[in-house]
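Chemist: this one's structure only:
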């Protein structure tokens, strides 16, 4: 019988929200003023037996009319889950089912435990998905705000297909974290309802199938191009500068040298997120990790 879990979801109040435009490619534009409240909702969840329980409708649509090229815009994506990175990489490819997507390196104690008891636990593999595009190359737009799980997609696809990176060097974060709650086994099960905070420690680093990791200085683009604050364009518009450069890589009708003077990143909206530039690792069984340390005592 599946257990139910609960989590607190803080509320925000939209003082106003105006949708200023919509595009067929799924983008929409809005203007909004918000304030955050102390009110919260409680979300109840139960564990799923499925490895991946969601489906990317955009990819599903693309498979109806097969495509030869794909541009993945990760310039503002500052992180996400390891499983999300694995899923999107699977959807881009599809011909590498069960091959190694990434491996994990924990501290010596945890690492040795899994190596001796279940080495497969340290491996994240490409999965089987009927909506995969089976591409042999992908163009990825990046910036300094592209971090963590976004970088995981780039680093782990490189051993398998041609990854053409357009934009500027990424952030340089290859570690993943877990969420530890105030409960007997640090999971959501039996969490202390009086505590609305949790710990988010970095616990492992990720490696691609060739063992490549430690990209402290970020992942460098093949084609250097930065956003120009005086000519940002509209995301999704073929004339938007960085997308235009990516499209030109497909048509090969432009000189793909450095397009703009590089600017230092001052900041971005993700900085308002307490867990910006983060990559999450989902632990299915917290008790196993608790037992490792209990034996040590």
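Modeler: Ah, there it is. Remember, predicted model here, so these are calculated numbers, not experimental data. Residues are numbered from 1 along each chain as shown.
Chemist: who are the neighbours in contact with residue 150?
Modeler: 74, 77-80, 85, 142, 170 (Cβ atoms under 8 Å, 6 or more residues apart in numbering). Any C-beta I mention is one placed from the backbone N, CA and C, and that applies to glycine too.
Chemist: again, only using 6 Å
Modeler: Contact criterion Cβ atoms under 6 Å, 6 or more residues apart in numbering gives 74, 77 as the residues in contact with residue 150.
Chemist: and what of the one 10 residues further on?
Modeler: Residues in contact with residue 160 (Cβ under 6 Å, 6+ apart) are residue 96.
Chemist: that's a strand at it, yeah?
Modeler: No: with DSSP: H, G, I helix; E, B strand; the rest coil as the criterion, residue 160 is assigned coil and is not in a strand.
Chemist: okay, it: pLDDT?
Modeler: The pLDDT attached to residue 160 in the predicted structure is 98.
Chemist: cool, residue 136 as well?
Modeler: pLDDT for residue 136: 95.
Chemist: one more: residue 80?
Modeler: 85.
Chemist: my read: it touches residue 151, true?
Modeler: No: using Cβ atoms under 6 Å as the test, residue 80 is too far from residue 151 to be in contact (10.8 Å).
Chemist: surely residue 122 is in contact with residue 114?
Modeler: Yes: counting by Cβ under 6 Å, residue 122 does reach residue 114; the two are 5.2 Å apart.
Chemist: pLDDT weak spots in the stretch 1-150 of the chain?
Modeler: Of all residues in the stretch 1-150 of the chain, those with pLDDT under 70 make up the ranges 1-10, 22-30, 36-41, 43-65.
Chemist: for it, which segments count as helices?
Modeler: Under the criterion DSSP state H, counting those that start in this stretch, the stretch 1-150 of the chain contains helices at 57-62, 82-92, 108-117, 149-157.
Chemist: including distance to residue 180, could those go into a markdown table?
Modeler: Below are those laid out as a markdown table (distance: least, Cβ to Cβ, whole Å):
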| stretch | distance to residue 180 |
| --- | --- |
| helix 57-62 | 33 |
| helix 82-92 | 17 |
| helix 108-117 | 14 |
| helix 149-157 | 20 |
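Chemist: before I go, just wanted to say thanks for your time.
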